[in-house]
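K.L.:
Here is my input, please return the structure:
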Amino acid sequence: MVIYDSHQKEKIDFKPLKDKKVKIYVCGPTVYDDAHLGHARSSISFDLLRRVLETLGYDVTFVKNFTDIDDKIINKINATGKSLEEITTHYINSYLNDMEALNVKRADIEPKATESLEAMFEIIQKLLDKGYAYKLPNGDIYFDVSKDEEYCNLSNKCPEDEGVHRVEVEGKKNPQDFALWKACKGENDVCFDSPFGRGRPGWHIECSAMIKKHIAYSDTKYQIDIHGGGADLFFPHHENEEAQTYCAYNQHLAKYWMHNGFVTINGEKMSKSLGNSFFVKDALKHYPGEVLRFYLMSTHYRAPLNFSEEDLIASKKRLDKLYRLKKRIYGITKKQQDKEFEEKLLEAMRDDLNISKALAVVDEFVRVANENLDKNPKDKSLKQKIISNIEFIDKLLGVGGSDAYKYFQAGIDEDTKKKINEMIEKRNEAKKEKNYELADKIRDELQQLGIKIQDTPNGTVWEKV
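P.N.:
I've put the predicted structure just below:
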């Protein structure tokens, strides 16, 4: 397996810290609003990484956190009058439902910041004791970047670089120092008890604490194998995580750093603050989750993706071809492994998740399979290999696993589906009673509705024409 390490800025051989075990931590969402396509793309990118590693035989521990205390969440509390728990629980569940629709596997561990405070206190105290942190008269605690000689070596983006902005706070030693603990500022603030006084954690300390608490190795140079997230997190978020972890424990946070590219609309980075967010829940009203997943993963994870509905529709047509092939072998259950195909697909994904090459392999498989079925429509062995390959595609890429006919029912509301199924049931009853005139009449009515039916050994199936 070869991956692109954001720190070394090149593709390198992946070698885990401990044989066949891989620990991955991916920065999850701040849960104050619904998930947008940027969240979806990051989730799908690292879901692909996880699937490839697991298919290669690695024992993967995958962690994705929820930031459930933040300025944006506090603003939501003040605007809505709802409690912290009400807001964060709602948006966590919303996020998980959206990711399930995209066939993103649930993380093995899903820690919350508010449930990891003790771990944060430990790191902050170590940094204070070692002189890497200092406390202001107002109770805030800051990390002193001037004490860390390695600061900026991870991202190679120094604070003085143009475009880097820091919040001005009276008493800070350096403009680039970042908050570890924020003392309560008023009655509308959300605060927790701590050894340092009532307050709440800074953003960066959360991930370091959750990694330390849940998956960090204590006997290696690095705490985990891979740390991932969006490209916008590399600096300052990941830089600051690395700094505070190394200064507290004399361990680097991760051996490898991986980052996915932005999703943009009309060339702008997708961001709620820009007002151009496209929520996943809204996209799912018009397109199946599998179609959305296929589109978002079709561009290499490190490259930016400029969202276009035209491209999404074109991507769906590409996925349609796989499902039309699956329809041709509908009802085949016995499988026959095709190791040559599996190796071709894996070879592509082992190269830093080379999705373009992988999808080219899939396209070629679909083309050749259709040609062979045209020549040998009754070849059971051929059909068994085809269904095995489609299942392998689903295992590795997370697409192709749906029922072939239900896939083509997308866009039909539940009431209409119920009506169609009732008509099919009446037709089947008519056929049992040898009332073929009625059966044919119902078939004609379905065709007028734009519904094509097919009788198979597993029953009658239908699709939207």
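K.L.:
What strands flank the helix-or-strand element of the chain with minimal mean pLDDT, and is each parallel or antiparallel?
P.N.:
In the chain, no helix or strand scores lower on mean pLDDT, DSSP states H and E than strand 268-269, which sits at a mean of 72. The strands beside strand 268-269 in its sheet (DSSP bridges) come out as strand 263-265 (antiparallel).
K.L.:
And the contacts of the strand it pairs with?
P.N.:
Strand 263-265 is contacted from outside by 36-38, 41, 269-270, 276, 278, 296, 304-307, using CB atoms under 8 Å, 6 or more residues apart in numbering. Where C-beta positions appear, they are placed from N, C-alpha and C, glycine not excepted.
K.L.:
What subset of those is buried?
P.N.:
His36, Leu37, Gly38, Arg41, Lys269, Met270, Leu296, Leu305, Phe307 (16 or more other CB atoms under 10 Å).
K.L.:
Out of the residues you listed, which is nearest to Glu342?
P.N.:
Leu296 (23.8 Å; CB to CB).
K.L.:
re earlier: when you check the buried ones among the contacts of strand 263-265 against the strands, which ones overlap?
P.N.:
Among the buried ones among the contacts of strand 263-265, the ones falling in strands (DSSP state E) are Lys269, Leu305.
K.L.:
Among the buried ones among the contacts of strand 263-265, which pair sits farthest apart?
P.N.:
Farthest apart among the buried ones among the contacts of strand 263-265 by CB to CB are Lys269 and Leu296. That separation is 15.5 Å.
K.L.:
Adjacent strands (with direction) for the helix or strand containing Trp181?
P.N.:
Taking DSSP states H and E as the definition, Trp181 sits inside strand 178-183. Strand pairing for strand 178-183, using DSSP bridges, gives strand 141-143 (antiparallel), strand 199-201 (antiparallel).
K.L.:
on that earlier part again, I'd like the contacts of strand 263-265 laid out as a markdown table, including distance to Thr61.
P.N.:
Below are those laid out as a markdown table (distance: CB to CB, whole Å):
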| residue | distance to Thr61 |
| --- | --- |
| His36 | 27 |
| Leu37 | 27 |
| Gly38 | 25 |
| Arg41 | 23 |
| Lys269 | 31 |
| Met270 | 29 |
| Asn276 | 36 |
| Phe278 | 32 |
| Leu296 | 25 |
| Pro304 | 30 |
| Leu305 | 28 |
| Asn306 | 34 |
| Phe307 | 32 |
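K.L.:
between the residues you listed, which is closest to Gln384?
P.N.:
Lowest distance from Gln384 to these (CB to CB) belongs to Leu296, with 31.4 Å.
K.L.:
How many neighbouring residues does Val291 have?
P.N.:
Using other CB atoms under 10 Å, Val291 has 24 other residues around it.
K.L.:
quick one: the closest residue to it other than its chain neighbours and Glu309, what's the gap?
P.N.:
In this structure, Val291 finds its nearest non-sequential neighbour in Lys316, 4.8 Å apart by CB to CB, 6 or more residues apart in numbering. Distance of Lys316 to Glu309, given as CB to CB, to the nearest Å: 10 Å.
K.L.:
which one of the two has more residues nearby?
P.N.:
Neighbour count, other CB under 10 Å: between Lys316 and Glu309, Lys316 has more, with 17 against 12.
K.L.:
Next up, phi/psi of the more buried one, please.
P.N.:
Note on Lys316: its backbone torsions stand at phi -60, psi -40 [degrees, to the nearest 10].
K.L.:
returning to that earlier point: now could you export just the CA positions of the strand holding Trp181 as PDB?
P.N.:
The C-alpha coordinates for strand 178-183 follow below in PDB (Å, rounded to 0.1, in the frame of the first residue of the first chain):
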ATOM      1  CA  PHE A 178      -3.600  29.100  20.800                       C
ATOM      2  CA  ALA A 179      -6.100  28.400  23.500                       C
ATOM      3  CA  LEU A 180      -6.000  25.200  25.500                       C
ATOM      4  CA  TRP A 181      -8.700  26.300  28.000                       C
ATOM      5  CA  LYS A 182     -11.200  29.200  27.900                       C
ATOM      6  CA  ALA A 183     -12.400  30.600  31.200                       C
END
